[in-house]
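In: Structure for this input, please:
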Amino acid sequence: MNAAQQKMSDTPRLASRVAALALVAGSMLAGCQALDGQRAKPVSAEVAQAREQAKNTMQQVQAVQAPVTADDATRIGAALAEEGLLKEALVQFEKAIADNPLFAPAYIGAGNAHYKLENLPAAEKNFARAATLEPSNFEAQFMHGLVLQELTRYDESIRAYNKALELNPVDFGANLNLGTAYLQVEEAREALPFAQKAVELRPEDGNARTNLGAVYAALGRHEEAITEWNQASELMQLSPKLLLNMADSYNRLRQYDEMVSTLDEVVKLEPSATAYERLGSGLFRQGQFDQALEAFVRSVELDGNHFPAHNGVGVTLLQRWLQSGQQDTVAHNEAMRALRRSLQIEKNQPRVLELLTRYKD
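Out: Predicted structure coming up:
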């Protein structure tokens with residue numbers, strides 16, 4: 001049965017309920033009428049309930065009979081979405097779109113509901129339609145950019161964010177996200193003004209400072225990157241990934257003590273092959289070869305295919321062999337084994353091939 005037939009079949013049933021309830025209410029009221037000019041007795045709870053049921057049923061009849069406009073359905077959908085009833089809200093937004101396919105707020109409502117339900121393709125489709133219907137609608141343009149970014153369609157998201165910023169140049173989220181999107185396509189110079197604007201708009205936002213630090217690092221401005229990340233660390237807990245980036249900037253600046261200290265924190269928070277390999281690199285540069293070897297070995301244990309760790313093992317053991325006056329043949333043989341294993345995993349390593357050729361005998 002379609003929706004129209006359902007409405008037609010519901011209407012007589014609802015009307016019958018109204019009539020029945022009215023009769024009940026009438027009979028109950030009749031027993032409460034005052035006799036001989038006396039004042040009416042108070043209405044009983046049963047009568048009041050019957051009246052309320054009759055009123056509600058009549059409203060249902062009117063609702064079935066009255067047409068619902070796109071604006072009405074969108075408002076109902078928004079109210080349902082606010083209560084977390086997203087699937088029910090989508091039904092209303094779809095009704096609104098069916099009533100008026102050119103009504104942009106309905107598409108925005110549907111897009112938001114789909115986004116919260118993690119149905120990104122459907123969300124993108126609705127936001128794209130809304131942005132086309134109302135190019136001057138900031139929410140449509142911004143949300144379209146956000147969903148495109150999460151779908152890794154970065155070039156398209158950049159265009160959408162730029163349109164949003166034409167409408168509102170000082171929106172924090174649009175500046176922050178546009179800077180991030182440019183960084184994701186490795187256009188750090190394009191990202192910089194938007195990342196800086198986000199920090200200017202909200203200096204106390206840790207995410208904004210984190211993003212600006214990443215842009216500075218991509219531009220090779222490592223001192224400025226570390227400054228931003230240190231300020232971010234006072235505003236939020238830094239993720240292990242961000243701490244790895246900070247350690248890399250310390251490495252580029254040859255600040256190995258700070259590099260090792262940062263990586264010590266990383267392996268406590270989230271031990272990984274990458275973290276231990278970089279810790280080994282920092283320790284090697286400090287001249288702590290035994291500790292470096294331990295870190296490289298730990299990295300290999302966590303991920304046997306992490307070829308930089310095999311390189312670390314090989315180079316550290318070669319260092320031990322050289323320090324022994326080339327007498328420690330065990331160290332030499334194990335170094336060669338580690339470097340050959342690295343080349344098996346990743347063949348395009350001319351420097352490793354050079355080491356193997358130079359020291360194989």
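In: all contacts plus neighbour counts: C-alpha atoms, from now on.
Out: Will do.
In: Tell me the pLDDT of L238.
Out: You'll see L238 listed with a pLDDT of 84.
In: Same question for D361.
Out: pLDDT, read off for D361, is 70.
In: likewise S324?
Out: For S324, the model assigns a pLDDT of 94.
In: Contact partners for it?
Out: S324 is in contact with no residue at all, counting by C-alpha atoms under 8 Å, 6 or more residues apart in numbering.
In: make it 10 Å
Out: Shown in contact with S324 (C-alpha atoms under 10 Å, 6 or more residues apart in numbering): 318, 331.
In: what's the distance between it and T316?
Out: 13 Å (C-alpha to C-alpha, to the nearest Å).
In: With Q196 instead?
Out: Distance, Q196 to T316, by C-alpha to C-alpha: 42 Å.
In: of the two, who's got more company?
Out: Relative neighbour count places T316 above the other of Q196 and T316, with 23 against 20, counting by other C-alpha atoms under 10 Å.
In: just checking, that one touches A292?
Out: Yes - with contacts counted by C-alpha atoms under 10 Å, T316 reaches A292, the gap being 7.4 Å.
In: intersection of neighbour lists for these two?
Out: Common neighbours of T316 and A292, using C-alpha under 10 Å, 6+ apart, are 280-281, 284.
In: which one of the residues you listed has the most neighbours?
Out: G280 (30 neighbours).
In: Can you give the domain ranges for the chain?
Out: Residue ranges for the domains of the chain, per automatic domain parsing: 69-168, 259-361.
In: center of this protein - which residue?
Out: When C-alpha atoms, centre = their mean is applied to the chain, the residue found nearest the centroid is E150 (7.1 Å).
In: what residues are up against that residue?
Out: So E150 contacts 120, 157, 181 (C-alpha under 10 Å, 6+ apart).
In: got it, and A106?
Out: Contacts for A106 (C-alpha under 10 Å, 6+ apart) come out as 70-71, 73-75, 77-78, 90, 92-98, 100, 112, 126-127, 130.
In: Equivalent analysis for L302, please.
Out: L302 sits next to 271-274, 276, 296 when contact means C-alpha under 10 Å, 6+ apart.
In: Looking at these, which are in helices?
Out: 273-274, 276, 296 (DSSP state H).
In: Widest-spaced pair of those?
Out: The distance between the two most remote of the ones in helices among the contacts of L302 (C-alpha to C-alpha) is 9.6 Å, for T274 and F296.
In: out of these two, which sits in the more crowded spot?
Out: Under the criterion of other C-alpha under 10 Å, the comparison of T274 against F296 puts F296 first, with 28 against 19.
In: From L317, how far off is that one?
Out: To L317, F296 is 11 Å away according to C-alpha to C-alpha.
In: so what sits against both of these two?
Out: Common neighbours of F296 and L317 are listed as N311 (criterion: C-alpha under 10 Å, 6+ apart).
In: Need the residues touching each of S324 and T316.
Out: Listed as contacting both S324 and T316 by C-alpha under 10 Å, 6+ apart are A331.
In: picking up where we left off before, from the shared contacts of T316 and A292, which land in helices?
Out: Going by DSSP H, the helices hold 280-281, 284 from the shared contacts of T316 and A292.
In: What is the nearest of the residues you listed to L201?
Out: Nearest to L201, judged by C-alpha to C-alpha, of these is S281 at 38.3 Å.
In: doesn't S299 make contact with the closest one?
Out: No - S281 is beyond contact range of S299, at 11.4 Å (criterion: C-alpha under 10 Å).
In: Would you mind listing the residues touching both of those two?
Out: 275, 293, 308-309, 312.
In: Give me the neighbour count for the closest residue to R252 other than its chain neighbours.
Out: Residue nearest to R252 in three dimensions, not counting chain neighbours: H222, with 7.4 Å by C-alpha to C-alpha, 6 or more residues apart in numbering. Per other C-alpha under 10 Å, the neighbour tally for H222 reads 22.
In: wait, V185 sits on E156?
Out: No - using C-alpha under 10 Å, V185 is not in contact with E156, being 11.3 Å away.
In: quick one on the thing from earlier: could you dump the shared contacts of S281 and S299 to TSV with distance to N245 and pLDDT?
Out: Converted to TSV, these look like this (distance: C-alpha to C-alpha, whole Å; pLDDT from 0 to 100):
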residue	distance to N245	pLDDT
A275	11	96
L293	22	97
P308	17	96
A309	18	97
G312	19	97
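In: Could you export the residues you listed as CSV, including secondary structure?
Out: Below are the shared contacts of S281 and S299 laid out as CSV (DSSP: H, G, I helix; E, B strand; the rest coil):
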residue, secondary structure
A275, helix
L293, helix
P308, helix
A309, helix
G312, helix
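In: farthest-separated two in these?
Out: A275 and L293 (13.7 Å).
In: Now for these two: what residues contact both?
Out: 281, 299.
In: Neighbour count: those two, which is higher?
Out: More neighbours surround A275 than the other of A275 and L293, with 26 against 23 (other C-alpha under 10 Å).
In: What distance do you get for the more buried one to Y182?
Out: With C-alpha to C-alpha as the criterion, A275 and Y182 are 26 Å apart.
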